[in-house]
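Asks: Curious how this folds, go ahead:
(one chain, ligands or ions: 1)
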Amino acid sequence: MVSDEKSELPMRPSSRRAARSSPPPALAPDDHHNATLIANVHPPSWRSPTPAPRYNLVVIGAGTAGLVTAAGAAGLGAKVALVERHLLGGDCLNLGCVPSKCVIRSARVVGDLRVAAALGVRVPAGVEVDFPAVMERMRRLRARISVHDSAGRFQDELGVDVFLGDGRFTGPDTVDVGGARLRFKRAVVATGARAAHPAIDGLAAAGFLTNETVFSLTERPRRLAVIGGGPIGCELAQAFARLGSEVVLLHDAAHILEREDADAAAVVQRAFVREGIRLVLDARIRRVTRLGGEKTLELEAPGMQDAVTVDEILVGAGRVPNVEGLNLEAVGIEHDVRQGVRVDDRLRTTNPRVYAAGDVCMSHKFTHAADFAARLVIQNALFLGRRKVSALTIPWCTYTDPEIAHVGLSEREAERRGIAIGTFVRPFHEVDRAIVDGEEEGLVKIHVRKGTDRIVGATIVARHAGEMIGELTLAMVARIGLGRIASVIHPYPTQAEAIRQLGDAYNRTRLTPLVRRAFQRWLAWTR
Ligand SMILES: Cc1cc2nc3c(=O)[nH]c(=O)nc-3n(C[C@H](O)[C@H](O)[C@H](O)COP(=O)(O)OP(=O)(O)OC[C@H]3O[C@@H](n4cnc5c(N)ncnc54)[C@H](O)[C@@H]3O)c2cc1C
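Replies: Next up is the predicted model:
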C-alpha cells in the first residue's frame, strides 16, 4: 500500500526514537473507578512503541473520530499510529455522552417518582437522591465501558501503534510526539472540541464548571446556574434539577434549544418550567462576583434586572475546536478558531495529505457523526474514495425528558433552501400507547417533498425519541416513502405507531375527489 517513495526518503536521526509517554491526567475523585479508567485509557506505565519507518496513517486525537479511523484503517491492513494527549475515548467516553447519560438515567427515576401518584403509585415520604451514589455509579459504568477504548486493546488486539502525548506537525509528512517523529503518507486531525468559555466579566475569577469538571462532582450543588440552553446545558440542567439542585437556566435566545423545531423545543421548555427549573430567556449576564462559597450573577432580560446567587455555575455555551498547538500553519492546513479545520466535502484539509474528522471540523458535533466521518476518511484517504459528507444523513437526539430527535430538514431549513415541503404531524395525545404511558406531550412531525411521499426531514419529541428516529433515518437513506411506511406493521400499542399513522395520513391525501368517486361507484356496483 505504501509507495516506493518510502525508501527514497532519508531517515531522520530522531525518527525511530521511542516516544516518551505523557503522564496520565489527574481525574477527580481519586477512586478505584477512575483508576481503572485511567489504566485503560491513559495507562500510567505506558511505553510508547518505537515508531515504524513510515505509517499509512497518523491520527492525532483518540476520541471517536480518531479511534474509529485508527481501528478501521488498521483492520484493513494499514500501518497506523494513534496519538492522544489526554484520555483515549475523548469527550464521548470521558467527559460527554457516557457520563451525562449515566447521570440522566438516575435523574429519570426522579422524574418517574414525581408522576407516580398520577399513575396510582403512592411513593412514601422521605425518598431521597443519594448524589454521591449517582456519581459513583457513573464512574463505575464509565470505567467499565472504557475497556473498548483502551490503549492496550488498540495496540495489542487492533494492531495500532498508540502514542500518549501531544501531537504536532513538524514537516510535510511528519508528526512529533514525546520526542519521537512519526512519518506518514496520510494524516488525520481528529482533535475534537472543548467547552467555549464565555467572556463574562468576573466569570473566570469566580470559577465555573464545564463538561470537563462537572462529572468530577461528588457533592450536589444546592443552587446551580446553567449558562446555555443548548443540548448540553438543557440535558444537564434537567438532570441536576431532578437530582435536587435548585437550577436556574440562563439562555441568550427567546426559547431554549432554538436550533430545534420550535414546536418540539416548546414541549421541552414547558416540561422544564413544570419541573421547577427557573428559565431566564434572552438573558444577558452582566457580571459575576464571588463572595466566599457563593457566586452572584447580575442579569438583564427583557423587562427585568436581577441578581441570582448560586453555589456553582455550569457553562454549556457552545464548543470551540482544538486547533491550537498542532502547528497547522506550518503544513498549510487552513483553520479558524471558531469553525476549526477547513475541509472540503470529502474531509480533506487544504493540505492534500491531511484529512480531518469529528468535532474539530464538522458542524454536526456528535459521536455518531464523528464515527461515520471517520469511515469516510478511511476510504478517501487510503483507497482513492470520493465519498462526501454532504451525502450522509445524520440524525441527532437531545436527551432531555422528553427527548427531541431530529433528522434531515426542518421547516426553517427547507424554507431557507427554497424546498417546498408538506408536513404531517401526529401529537401523542392521539396515540394509544402514549396515552396509557401518561406521555402525551410530544409529537412526530414528518416533512415530505411537496407532492411526493419522499421524506426529507422529521422531528420526534417523545420519551425515547432517540430510539424512534432510526426508522425515519432508515426510510430517508433507503428512500422508503411515507406512503410505504403505512403498510409496515408496527406492534400495538407502541409510540412508534405514530410514524405508521402518519403514513396513513399521507395516503389519505392521495384520496382525491376523483378517486373517491371512482371507489364509491365501484362499491355501489358491487353491493
Ligand atoms: C456533555 C456532553 C454530552 C454529549 N452527549 C452526546 C450524546 O449524547 N450523543 C452524541 O452523539 N454526542 C454527544 N456529545 C458530543 C460528542 O462527545 C462529540 O461529538 C464527540 O466526542 C466528538 O468526537 P471527536 O473524536 O471529534 O472529538 P473528541 O472526543 O473531543 O476527541 C478528540 C481527542 O483529541 C485529543 N487531542 C486534542 N489535541 C491533541 C493533540 N495535539 N495531540 C494529541 N491529542 C489531542 C483530545 O485529548 C481528545 O481526546 C456530547 C458532548 C458533551 C460535551
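
Asks: Please tell me how far the residue nearest to residue 66 when sequence neighbours are not counted sits from the ligand.
Replies: Excluding the flanking residues, the one nearest residue 66 by CB to CB, 6 or more residues apart in numbering is residue 190, at 3.7 Å. For every residue, glycine as well, the C-beta is placed using N, CA and C. As judged by CB to the nearest ligand atom, to the nearest Å, residue 190 and the ligand stand 5 Å apart.

Asks: and residue 190, what does it touch?
Replies: The contact partners of residue 190, taken as CB atoms under 8 Å, 6 or more residues apart in numbering, are 59-63, 65-66, 69, 356-358, 360, 370, 374.

Asks: What distance do you get for the residue positioned nearest the centre of the chain to the ligand?
Replies: Nearest to the geometric centre of the chain sits residue 366, at 3.2 Å (CA atoms, centre = their mean). Per CB to the nearest ligand atom, residue 366 is found 3 Å from the ligand.

Asks: That residue is in contact with residue 396, isn't it?
Replies: Yes. Counting by CB atoms under 8 Å, residue 366 touches residue 396, with 5.4 Å between them.

Asks: What's the local residue count around the residue in the stretch 151-300 of the chain positioned nearest to the ligand?
Replies: Scanning the stretch 151-300 of the chain for the residue nearest the ligand gives residue 192, at 2.1 Å (criterion: CB to the nearest ligand atom). Residues near residue 192, counting by other CB atoms under 10 Å, number 26.

Asks: Would it be right to say that residue 419 lies in a strand?
Replies: No. With DSSP: H, G, I helix; E, B strand; the rest coil as the criterion, residue 419 is assigned coil and is not in a strand.

Asks: what's near enough to touch it?
Replies: 409, 449, 456.

Asks: Tell me where the stretch 1-150 of the chain is predicted with low confidence.
Replies: In the predicted model of the stretch 1-150 of the chain, residues 1-16 satisfy pLDDT under 70.

Asks: ok, and the closest non-adjacent residue to residue 70?
Replies: Residue 70 sits nearest to residue 82 (CB to CB, 6+ apart), 4.3 Å away.

Asks: residue contacts, that neighbour?
Replies: 59, 62, 66, 67, 70, 154, 160, 161, 162, 163.

Asks: so the third one touches residue 58, yeah?
Replies: What that stands for is residue 66. No. Checked against CB under 8 Å, the pair residue 66 and residue 58 is beyond contact range at 10.4 Å.

Asks: Find residues that contact each of these two.
Replies: In contact with both residue 66 and residue 58: residue 188, using CB under 8 Å, 6+ apart.

Asks: Leaving out the residues flanking it, which one is nearest to whatever residue of the stretch 351-500 of the chain ends up closest to the ligand?
Replies: Residue of the stretch 351-500 of the chain nearest the ligand, by CB to the nearest ligand atom: residue 358 (2.1 Å). Leaving aside its sequence neighbours, residue 358 sits nearest to residue 65 (CB to CB, 6+ apart; 2.9 Å).

Asks: For the stretch 151-300 of the chain, just list every one of the strands.
Replies: Applying DSSP state E, counting those that start in this stretch to the stretch 151-300 of the chain gives strands spanning 161-164, 168-171, 174-177, 180-189, 193-195, 223-227, 246-250, 278-280, 284-291, 294-301.

Asks: Most tightly packed of the ones you listed?
Replies: strand 161-164 (a mean of 27; mean count of other CB atoms under 10 Å).

Asks: Need the contact partners of stretch 332-347.
Replies: With CB under 8 Å, 6+ apart, stretch 332-347 has contacts from 169, 189, 193, 320-321, 323-324, 326, 328, 349-351, 354-357, 359-362, 373, 376-377, 380, 385-390.

Asks: just the buried members of those?
Replies: 169, 189, 193, 320-321, 323, 326, 328, 349, 351, 354-357, 359-362, 373, 376-377, 380, 387, 389 (16 or more other CB atoms under 10 Å).

Asks: Which ones among the residues you listed lie within strands?
Replies: 169, 189, 193, 320, 321, 354, 355, 356 (DSSP state E).

Asks: picking that back up, tabulate the strands of the stretch 151-300 of the chain (JSON lines), appending distance to residue 44 and mean pLDDT.
Replies: Formatted as JSON lines, the strands of the stretch 151-300 of the chain follow (distance: least, CB to CB, whole Å; pLDDT from 0 to 100):
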{"stretch": "strand 161-164", "distance to residue 44": "10", "mean pLDDT": "98"}
{"stretch": "strand 168-171", "distance to residue 44": "23", "mean pLDDT": "96"}
{"stretch": "strand 174-177", "distance to residue 44": "17", "mean pLDDT": "98"}
{"stretch": "strand 180-189", "distance to residue 44": "19", "mean pLDDT": "98"}
{"stretch": "strand 193-195", "distance to residue 44": "24", "mean pLDDT": "97"}
{"stretch": "strand 223-227", "distance to residue 44": "33", "mean pLDDT": "98"}
{"stretch": "strand 246-250", "distance to residue 44": "37", "mean pLDDT": "98"}
{"stretch": "strand 278-280", "distance to residue 44": "44", "mean pLDDT": "97"}
{"stretch": "strand 284-291", "distance to residue 44": "35", "mean pLDDT": "97"}
{"stretch": "strand 294-301", "distance to residue 44": "35", "mean pLDDT": "97"}
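
Asks: Now render those as a markdown table, adding distance to residue 207.
Replies: Below are the strands of the stretch 151-300 of the chain laid out as a markdown table (distance: least, CB to CB, whole Å):
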| stretch | distance to residue 207 |
| --- | --- |
| strand 161-164 | 29 |
| strand 168-171 | 30 |
| strand 174-177 | 32 |
| strand 180-189 | 31 |
| strand 193-195 | 14 |
| strand 223-227 | 12 |
| strand 246-250 | 17 |
| strand 278-280 | 21 |
| strand 284-291 | 7 |
| strand 294-301 | 7 |
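
Asks: Highest neighbour count among the contacts of residue 190?
Replies: Counting neighbours by other CB under 10 Å, residue 358 leads those with 37 neighbours.

Asks: mind checking how far that residue is from residue 369?
Replies: 8 Å (CB to CB, to the nearest Å).

Asks: can you check residue 507 too?
Replies: Distance, residue 507 to residue 369, using CB to CB: 33 Å.

Asks: do the same with residue 222
Replies: 37 Å.

Asks: So which of the two has more stuff around it?
Replies: A count of neighbours by other CB under 10 Å puts residue 369 above the other of residue 222 and residue 369, at 22 against 12.

Asks: got the contact list for the more buried one?
Replies: Residue 369 neighbours (CB under 8 Å, 6+ apart): 358, 362, 392, 394, 396.

Asks: Show the pLDDT at the second one.
Replies: Note on residue 362: pLDDT of 97.

Asks: Next: the first one.
Replies: In this prediction, residue 358 carries a pLDDT score of 98.

Asks: who touches it in this structure?
Replies: Contacts of residue 358 by CB under 8 Å, 6+ apart are 61, 63, 64, 65, 66, 190, 192, 369, 370, 373, 374.

Asks: Recalculate using a threshold of 7 Å.
Replies: Contacts for residue 358 were tallied using CB atoms under 7 Å, 6 or more residues apart in numbering; they are 63, 64, 65, 190, 192, 370, 373.

Asks: Kindly report the same for residue 76.
Replies: Contacts of residue 76 by CB under 7 Å, 6+ apart: none found.

Asks: give me that answer again for 10 Å
Replies: Listed by CB atoms under 10 Å, 6 or more residues apart in numbering, the contact set of residue 76 reads 1, 56, 378, 379, 382, 383.

Asks: any chance of these in JSON lines, with distance to residue 90 and neighbour count too?
Replies: Shown next, in JSON lines, are the contacts of residue 76 (distance: CB to CB, whole Å; neighbours: other CB atoms under 10 Å):
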{"residue": "1", "distance to residue 90": "27", "neighbour count": "10"}
{"residue": "56", "distance to residue 90": "22", "neighbour count": "20"}
{"residue": "378", "distance to residue 90": "18", "neighbour count": "27"}
{"residue": "379", "distance to residue 90": "22", "neighbour count": "16"}
{"residue": "382", "distance to residue 90": "22", "neighbour count": "21"}
{"residue": "383", "distance to residue 90": "25", "neighbour count": "13"}
